[in-house]
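Asks: Pasted the sequence and its predicted model underneath.
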Amino acid sequence: MFRLALATVLALFAQAASATTYTLEPHYTQGVLRWDHLGFSYPAAHFAQGTGTIDFDAGDPTMSSIKVTIPLASLNTGVPDLDERLKSEDFFEVSKFPTATFVSTRVEKGMGTNRFKVTGNLTIREITRPVMLDVTLLKVGKNVRTEVATIGFDARGTLKRSDFGLGAYVPQVSDEIQLLITTQAAEAKAYAAFLEAKKAGK
């Protein structure tokens, strides 16, 4: 029994050790929310400057994990009145709840090459609900501009805004929200060194 427990611990340690930690690059971590407005149009809101980490296991991507924080003050529809409304207490109440977070709980292989299903906990307005994202691994390699190992993903999903206390005007305005996210992340230690050198003017 002891040997079995030890073997399990060692296996888990080996899996953790094989993952590389990447830091999300805020300038390239963006998303789009789309909804149905009375059946006449499909407006969109953009968000950007997400931060967080990806622990990516190239040998077995299903052992990977991700943590993301989105600053909700970045929400932008291109319509100032609508931006103000979305950030008000009727919806996101950004003054009280300035961020949304996503923490993965499971990664599974999806249909097709470099496709995965990522399940995790999304927290908005201190309400946490499970969501599932269809994720495509776009590229793994060295960024020719920074010389830092980098990975890139796209993710798509659907969520119900009423699950997070954002259900004003349902059903005239759809409860379901279409979500599209794109991000690239750089190997954490090398990226930190790159930013430090850039700051120093090197």
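Replies: Yep, it's here.

Asks: Roughly how far does the residue lying closest to Asp36 once chain neighbours are set aside sit from Gly39?
Replies: Nearest non-adjacent residue to Asp36, counting by CB to CB, 6 or more residues apart in numbering: Ser174, 3.7 Å away. In this view, the C-beta of every residue, glycine as well, is placed from N, C-alpha and C. Separation of Ser174 from Gly39 (CB to CB, to the nearest Å): 9 Å.

Asks: Dump the helix or strand harbouring Leu122 to CSV, restricted to CA.
Replies: Assigned by DSSP states H and E, Leu122 belongs to strand 115-124. Extracted in CSV, the C-alpha atoms of strand 115-124 (Å, rounded to 0.1, in the frame of the first residue of the first chain):
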residue,chain,number,x,y,z
ARG,A,115,-8.4,21.1,-29.9
PHE,A,116,-9.4,20.8,-26.2
LYS,A,117,-12.3,21.2,-23.9
VAL,A,118,-11.4,23.3,-20.9
THR,A,119,-13.8,23.3,-17.9
GLY,A,120,-13.4,25.8,-15.1
ASN,A,121,-14.9,28.1,-12.6
LEU,A,122,-15.9,31.6,-13.8
THR,A,123,-16.4,34.2,-11.1
ILE,A,124,-18.3,37.5,-11.8
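
Asks: 50 is where my numbering starts, stick with that
Replies: Yep, numbering from 50; the last one is strand 164-173 now.

Asks: where in this protein is pLDDT low?
Replies: Within the chain, the stretches with pLDDT under 70 are 50-66.

Asks: Now do the strands for it: every range, in order, please.
Replies: Ranges of strands in the chain, per DSSP state E, are 69-73, 79-83, 93-97, 100-105, 114-120, 148-158, 164-173, 176-191, 198-209, 225-236.
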